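Chemist: Sequence and predicted structure below; questions after.
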Amino acid sequence: MGFIIALISGVLMSVQGVFNTQVTKGTSMWVSNSWVQISAFIVCIGAWLFTDRKSFMGLLNVSPKYMLLGGVIGAFITYTVIKSMAMMGPAKAVMIIVISQIVSAYLIELIGMFGVEKSDFQWQKFVWAAVATVGVFMFSK
């Protein structure tokens, strides 16, 4: 089931990037980015009203506090996706974004950053990440 959800996530991220790039053409980068964040906030509040209704005060218990910066990072993700798609097109941009996600996620696991359980280095994962990276560069040419 996690695999299917991840596939859906990838499709939604690609479609969202194209939508946001088109909205930016009619407005501006920060108007588009604001709309993305505001509309996401509205959807999240609606989902919260119909589901768990847990207190927002739980945010005070989050530790370390820098973990609360996900929304700030999200604003910069939206910005960088829009800019990269506008400059390179959706296919190239998404491939490079995905490779970047694979490499950075693997490094986070190897180092054990941000509270993630540290994992052992595996040559097989390294080789497949390298193959994927080479594939993206070949596709780009």
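Modeler: Happy to help now that I have it.
Chemist: mean confidence score for stretch 1-13?
Modeler: Stretch 1-13 comes out with an average pLDDT of 89.
Chemist: so how far is it off the chain centroid?
Modeler: In terms of C-alpha atoms, centre = their mean, to the nearest Å, the centre of stretch 1-13 is found 12 Å from the chain centre.
Chemist: Pull the residues that contact it.
Modeler: 81, 94, 98 (C-beta atoms under 8 Å, 6 or more residues apart in numbering). No exception for glycine: its C-beta is placed from N, CA and C like everyone else's.
Chemist: out of the residues you listed, which is most surrounded?
Modeler: Highest neighbour count within these: residue 81, with 23 neighbours (other C-beta atoms under 10 Å).
Chemist: Which of the helices and strands in the chain ranks last by mean pLDDT?
Modeler: Ranking every helix and strand in the chain by mean pLDDT, DSSP states H and E puts helix 123-140 at the bottom, with a mean of 87.
Chemist: Same question for the biggest helix by length in the chain: list its buried residues.
Modeler: If you go by DSSP state H, the chain has its longest helix at helix 2-26. Within helix 2-26, the residues that count as buried by 16 or more other C-beta atoms under 10 Å are 14, 17-18, 20-21, 23-24.
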